[in-house]
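In: Quick one: sequence plus predicted model below, questions after.
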Amino acid sequence: MIKERLESKIRAAFAPEFVDVIDESAKHQGHGGWRPEGETHFHLKAIARSFEGMSRVARQREVYKLYRDEFAAGLHALSLDLKTPEEAGR
């Protein structure tokens, strides 16, 4: 399942202290890339020290690189909320 791969890959690459992968596919029914079986649109939240010193854009680029295979396999959209512990108030 795509959801599990998204979580596994971000944990391996960035060792976040918090990860939440939310399947939002149902919200996009009928839109481009949507499939009845789901797993097309996700929102990923992660809090990691490894994001320190990286701009928001740099963080997103690095995370999107992780998921090339998932996009090739049917992932259509992925929104990201990537913060350091300090930015998240931890």
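Out: Everything's here; your move.

In: measure stretch 55-73 end to end?
Out: 28 Å (C-alpha to C-alpha, to the nearest Å).

In: can you give me the end-to-end distance of stretch 77-90?
Out: Start-to-end span of stretch 77-90 (C-alpha to C-alpha) is 28 Å.

In: mind listing the strands for this protein?
Out: Applying DSSP state E to the chain gives strands spanning 18-23, 41-47, 77-83.

In: got a list of contacts for the first one?
Out: The contact list for strand 18-23, computed with C-beta atoms under 8 Å, 6 or more residues apart in numbering, reads 3, 6-7, 10-11, 38-39, 41-47, 88. Using the backbone N, CA and C atoms, a C-beta is placed for each residue, glycine as well.

In: swap the cut-off to 10 Å and go again
Out: With contacts defined as C-beta atoms under 10 Å, 6 or more residues apart in numbering, strand 18-23 is touched by 1-8, 10-11, 38-48, 78-79, 81, 83, 85, 88, 90.

In: Quick one: mean pLDDT for it?
Out: The pLDDT scores in strand 18-23 average 96.

In: Give the buried residues for the lowest-mean-pLDDT helix or strand in the chain.
Out: Taking mean pLDDT, DSSP states H and E as the measure, the helices and strands of the chain show their lowest mean at helix 68-72, namely a mean of 92. Of the residues in helix 68-72, Glu70 count as buried by neighbour count, 16 or more other C-beta atoms under 10 Å.

In: As CSV, could you dump the C-alpha coordinates of it?
Out: Only the C-alpha atoms of helix 68-72 are listed here, as CSV (Å, rounded to 0.1, in the frame of the first residue of the first chain):
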residue,chain,number,x,y,z
ARG,A,68,9.4,9.0,-7.4
ASP,A,69,8.4,5.3,-7.5
GLU,A,70,5.1,6.0,-5.7
PHE,A,71,4.2,8.8,-8.2
ALA,A,72,5.1,6.4,-11.0
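
In: Please shift the residue numbers so they start at 536 in all later answers.
Out: All set: I'll call the first residue 536, so the last point we hit is now helix 603-607.

In: Which other helices and strands does it contact?
Out: Judged by 3 or more C-beta pairs under 10 Å, 6 or more residues apart in numbering; DSSP states H and E, helix 603-607 is in contact with helix 537-549, strand 612-618.
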